[in-house]
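**Student:** 3D, please:
(chains A and B)
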Amino acid sequence: AQSVTQLDSQVPVFEEAPVELRCNYSSSVSVYLFWYVQYPNQGLQLLLKYLSGSTLVESINGFEAEFNKSQTSFHLRKPSVHISDTAEYFCAVNTDTGRRALTFGSGTRLQVQP
Amino acid sequence: KAGVTQTPRYLIKTRGQQVTLSCSPISGHRSVSWYQQTPGQGLQFLFEYFSETQRNKGNFPGRFSGRQFSNSRSEMNVSTLELGDSALYLCASSPLAQSSYNEQFFGPGTRLTVL
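**Tutor:** Next up, the predicted model:
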């Protein structure tokens, strides 16, 4: 079985400050890793994904995440946040089985303050 | 391309009733998955349909069921509603892929409130 842990339920940060949202996973097989973002009253939007290859993946809006197999982590980082980044962020994992069942973490609410 | 659409967006039902939610995937996508999101349990996988067949099912009681039509549109049904079924129900579609993973594209969700 697989599981995802997001230790921080809320992360307050000031605008233009750096931020890291932590994600750890547990799985006995190879994994695909994802970060999704959810704005109020909306569905989930894929932010970035790790499938294979380079362990550092980047999104178009400045976020990046690094897959660390030895630490079973996939932390999300941004060097300078904006007010518009305020949202809930979910880390998710899927194992290499061809199935579409994502296992999500409990989410981290990023609150960017002016 | 239009995104994943879900109807209705909001729904209010009473205990004991049943409800049907609808999802239209992105054109060309043949896999549809359903998730339940609640404050207490978070995001949980319900089931996945592909080519009108249920391929995968999460740990939910039999009151939760679904189906997929030949045009890939999907419906999920919840019978004998309970207060705990109040949630945001999210549908996600994915392109066909036999051997590699494709990302899932989520719809805006249906907010179900059970009174």
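**Student:** anything in the lowest-mean-pLDDT helix or strand in chain B near chain A?
**Tutor:** Lowest mean confidence among the helices and strands of chain B (mean pLDDT, DSSP states H and E): strand B:53-57, at a mean of 90. Yes: applying CB under 8 Å from any CB of the partner chain, one finds strand B:53-57 touching chain A at B:55, B:56. C-beta: built from backbone N, CA, C; applies to glycine.
**Student:** going on from that strand, what's the next piece of helix or strand?
**Tutor:** Going down the chain from strand B:53-57, the next helix or strand is strand B:64-68, by DSSP states H and E.
**Student:** Output the contacting helices and strands for the helix or strand that that next one is followed by.
**Tutor:** Heading C-terminal from strand B:64-68, the first helix or strand you meet, by DSSP H and E, is strand B:74-78. Here strand B:74-78 is seen to pack against strand B:19-24, strand B:31-38, strand B:42-50, strand B:64-68, strand B:87-94 when contacts are counted using 3 or more CB pairs under 8 Å, 6 or more residues apart in numbering or on different chains; DSSP states H and E.
**Student:** returning to what we had before: mind listing what's buried along the least confident helix or strand of chain B?
**Tutor:** Across strand B:53-57, burial judged by 16 or more other CB atoms under 10 Å in any protein chain shown covers B:55, B:56.
**Student:** Contacts for that strand next, please.
**Tutor:** Counting by CB atoms under 8 Å, 6 or more residues apart in numbering or on different chains, the neighbours of strand B:53-57 from elsewhere in the structure are A:99, A:100, A:101, B:31, B:33, B:45, B:46, B:47, B:48, B:49, B:66, B:68.
**Student:** and the residue nearest the centre of chain B, how far is that from chain A?
**Tutor:** Centrality entry for chain B: nearest residue to the mean C-alpha point is residue B:34, 3.0 Å, by CA atoms, centre = their mean. According to CB to the nearest CB, to the nearest Å, residue B:34 and chain A sit 10 Å apart.
**Student:** Make CSV out of the helices and strands packed on strand B:74-78 and add distance to residue B:107.
**Tutor:** CSV is the format used below for these (distance: least, CB to CB, whole Å):
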stretch, distance to residue B:107
strand B:19-24, 6
strand B:31-38, 10
strand B:42-50, 14
strand B:64-68, 14
strand B:87-94, 5
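**Student:** Tell me which of the ones you listed sits nearest to residue A:54.
**Tutor:** Closest of those to residue A:54 is strand B:87-94, at 23.0 Å (criterion: CB to CB).
**Student:** follow-up on the earlier one: quickly name whichever of the contacts of strand B:53-57 is closest to residue B:75.
**Tutor:** residue B:66 (6.4 Å).
**Student:** Any residues of chain A in contact with chain B? List them.
**Tutor:** By CB under 8 Å from any CB, the residues of chain A that approach chain B are A:32, A:34, A:36, A:41-46, A:49, A:51, A:90, A:92, A:94, A:96, A:98-107.
**Student:** Give me the buried subset of those.
**Tutor:** A:32, A:34, A:36, A:43-44, A:46, A:49, A:51, A:90, A:92, A:94, A:99-107.
**Student:** Looking at those, which are in strands?
**Tutor:** Among these, the residues falling in strands (DSSP state E) are A:32, A:34, A:36, A:44, A:46, A:49, A:90, A:92, A:94, A:103, A:104.
**Student:** I figured the third one hits residue A:47, correct?
**Tutor:** I take that to be residue A:36. Yes: Residue A:36 lies in contact with residue A:47 (CB atoms under 8 Å); the separation is 6.1 Å.
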